[in-house]
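**Student:** Here is my input; please provide its structure:
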Amino acid sequence: MNWEAARGFWPNAQYSRFIEAPGHRWHVQVAGSGTRMLLLHGAGASTHSWRRLLPDLARDFHVVAPDLPGHGFTRLRDRARCGLADISADIATLLAGQGLAPDVIVGHSAGAAIGLRLALDLPASPQAVICVNAALEDFRGPGRAVYPALARFLSMTPLPAYAFSRAARFPSTVRRAIASTGSTLDATGFDLYRRLLTDSGHLDATMCMMANWNLLEVMPDLPRLRMPTLFMVGAKDRAVAPDISVRAARRINGSRVEALPGYGHLVHEEAPGVAARVIRDFLSSEIRLN
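**Tutor:** Just a heads-up that it's a prediction; the model follows:
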């Protein structure tokens, strides 16, 4: 998408900045002061997914929220760096260059996997990690080997992304996509996803990320985590099974799971007040806040 055309309606645009770094030109939203909190959205989303949670958290925290490579307004300049470990390393480079080392990492879905990898690799470990409906297992069933291969094939040409972006012009396509998450969004949330899903560049980057995704780059190392870790789970999540978070939590000493009945995969969007309360309660009980 074009920033100049979108800045008039994009959520929290007043906090946006653009940062040149090796590999990418990043779009990052920064707000607030105090304990620094990094927000990492999931595959196919953008900073818009934090639209109501970010200003709420910024009342108490120094919040940093980037668009992942190729997503939203971050320009992907190296398609070879779409995988989990590479994205994590590139975010670490971005943060170090800007002096934005996080005290807390909050990641949603695929962003949770990236956040856990960051927590393991950053020179100064964060004090806590919060995973929202974490996508931490590969595809299940007979298609588990087919879907990554299909995504890899689709990522080799922009034509499929263009075709999907054309299909997303029909509101029914977007409604089905959102309904498949188990969440219900307001009109603003629906419109923002519609705009993203009609952008072929955004979809191409999402496919590239899927094609290069490898959870072996983080899962075996989870027992090494030594900071308080919370898995926030929407009990109605239809995109990522809630028991995935339960199994991951068992691998991290002292971690905990908090189930949120009535909410789906996009709980932080459909119930930002609930998500903010859970985040604040967890952090106030586990770490010393600035």
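
**Student:** how many neighbours does H48 have?
**Tutor:** Residues near H48, counting by other C-beta atoms under 10 Å, number 24. (Glycine included, C-beta is placed from N, CA and C.)

**Student:** Report pLDDT for the closest residue in space to A110 that isn't next to it in sequence.
**Tutor:** Nearest non-adjacent residue to A110, counting by C-beta to C-beta, 6 or more residues apart in numbering: A43, 4.3 Å away. Note for A43: predicted pLDDT of 90.

**Student:** And for A43, the neighbour number?
**Tutor:** 19.

**Student:** ok, now D281?
**Tutor:** 12.

**Student:** And it, how far from V129?
**Tutor:** To V129, D281 is 15 Å away according to C-beta to C-beta, to the nearest Å.

**Student:** before we move on, what about C208?
**Tutor:** From C208 across to V129, the span is 26 Å (C-beta to C-beta).

**Student:** One more: L222?
**Tutor:** According to C-beta to C-beta, L222 stands 10 Å off from V129.

**Student:** if we can go back for a sec, give me the more crowded residue out of C208 and V129.
**Tutor:** Applying other C-beta under 10 Å to C208 and V129 shows that V129 carries more neighbours, namely 27 against 24.

**Student:** State the three-state secondary structure for that one.
**Tutor:** Classification of V129 by DSSP: H, G, I helix; E, B strand; the rest coil places it in strand.

**Student:** For it, list each beta-bridge partner.
**Tutor:** Taking DSSP bridges as the rule, V129 bridges to I105, T229.

**Student:** Can you give me the distance of it to M219?
**Tutor:** 15 Å.

**Student:** circling back: sec struct for the residue nearest to A110, please.
**Tutor:** Relying on three-state DSSP, one would call A43 coil.

**Student:** hang on, it packs against S109?
**Tutor:** Yes: between A43 and S109 there is a contact at 6.7 Å, judged by C-beta atoms under 8 Å.

**Student:** overlap in contacts of those two?
**Tutor:** In terms of C-beta atoms under 8 Å, 6 or more residues apart in numbering, A43 and S109 are both contacted by the residues A135.

**Student:** ranges for the helices of the chain?
**Tutor:** Secondary structure of the chain (DSSP state H): helices located at 3-6, 53-57, 84-98, 110-121, 146-154, 159-167, 171-179, 187-197, 200-211, 242-249, 267-270, 272-286.

**Student:** Between L222 and V129, which contacts overlap?
**Tutor:** Looking at what touches both L222 and V129 (by C-beta under 8 Å, 6+ apart), the common residues are L116.

**Student:** neighbours of S180, just the number please.
**Tutor:** Neighbour number of S180 under other C-beta under 10 Å is 12.
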